[in-house]
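Engineer: What follows is a predicted structure for the sequence shown.
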Amino acid sequence: MIRLKADKGYRESMELIEQWPDRTRSLLSSVPHRSAEEVLEEVKDAIPNRRDWRAYRKSLRVVQVRGLPDDEAAWAIRSRPKAKKIRRVDARETVLYVRPRRRQRPTPEAISILARHSPWPVDEIPFFPKRSEATIVSRKVSRREVMFVKRTRRRDARQWKAEIEREGIRGVGKRKKKDMPDAVAVPDLAFQAIRLEFGRGGQRGKPHWRPVLRAFRTRFFNFAKRQREWRETMTDLGYRGWKKKPSAPTISLSQARSYRRFQRMLGY
């Protein structure tokens, strides 16, 4: 008679195999998560250490994409800028865009007029919409570009003034900084990032996405070898770290897809 009896090592191996589906799902999320964190730190290091770029650097964070099937996981890096009071922006190097709120339907005609004729000089926008009606986006540009916008808005003033006055808004004219309301604007950091990355609009270029992404793709396998927790997730029964779910903000799949244009610009 030949008799075999399972020892402790065999039982542990079988238990590990039973956990593999859950451990694999954990690894499926951990790989893009850790990769995004690594890329983010390198991108931040590549952004010029100057005051003009602090808000951009601070706005970047890793987020998880929700709404995917169980056998898929995705993480992304997004910029979420903080709104700033308009009276604090430099009107000499800023123009404003008005973007109607999607949930505000129908869009008030006065808001549509502001959006249609954007961009506006900070001190010459006809009026500031309510936050419930529209988002004001501030874009940092050169003084030359601000003067171009001013000339353009003044040239077509007869048209937009007549449209706005038909909506019952009067007293449209230039305002001083002290007369600015407590309206806030969201800085267009994506626009700044593109100018910095590609050196457009008089901005001296400092590529900080493309070099980092190229380098990370080249050395990914070396990076993966250093991730001890990835190896332990699939081979060590005593390792419990795979059960911890990372705490991070989430974005919808449609939001993630909206980043594709920027990815294509970077060549990915």
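Structural biologist: That came through fine.

Engineer: what about the strands in the stretch 151-268 of the chain?
Structural biologist: Along the stretch 151-268 of the chain, the stretches classed as strands by DSSP state E, counting those that start in this stretch are 184-187, 250-251.

Engineer: Distance from the last one to the middle of the chain?
Structural biologist: This means strand 250-251. How far strand 250-251 lies from its chain's middle: 11 Å, per C-alpha atoms, centre = their mean, to the nearest Å.

Engineer: circling back: and of the strands of the stretch 151-268 of the chain, who's closest to Glu15?
Structural biologist: Among the strands of the stretch 151-268 of the chain, the nearest to Glu15 by C-beta to C-beta is strand 250-251 (32.2 Å). For glycine as for every other residue, the C-beta is placed from the backbone atoms N, C-alpha and C.

Engineer: ok, that closest one: who's next to it in the sheet?
Structural biologist: Within its sheet, strand 250-251 is paired with strand 60-65 (parallel), according to DSSP bridges.

Engineer: Give the next helix or strand downstream of the strand it pairs with.
Structural biologist: Sequence-wise, the next helix or strand downstream of strand 60-65 (DSSP states H and E) is strand 75-79.

Engineer: and that next one, C-alpha only, in CSV?
Structural biologist: C-alpha atoms of strand 75-79 as CSV (Å, rounded to 0.1, in the frame of the first residue of the first chain):
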residue,chain,number,x,y,z
TRP,A,75,-5.7,54.7,-12.4
ALA,A,76,-5.1,58.2,-13.8
ILE,A,77,-3.3,61.5,-12.9
ARG,A,78,-5.6,64.5,-13.0
SER,A,79,-5.3,68.1,-12.3
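
Engineer: Let me see the residues that make contact with the next helix or strand after that strand.
Structural biologist: Moving toward the C-terminus from strand 75-79, the next helix or strand (DSSP H and E) is strand 84-85. With contacts defined as C-beta atoms under 8 Å, 6 or more residues apart in numbering, strand 84-85 is touched by 138, 182-187.
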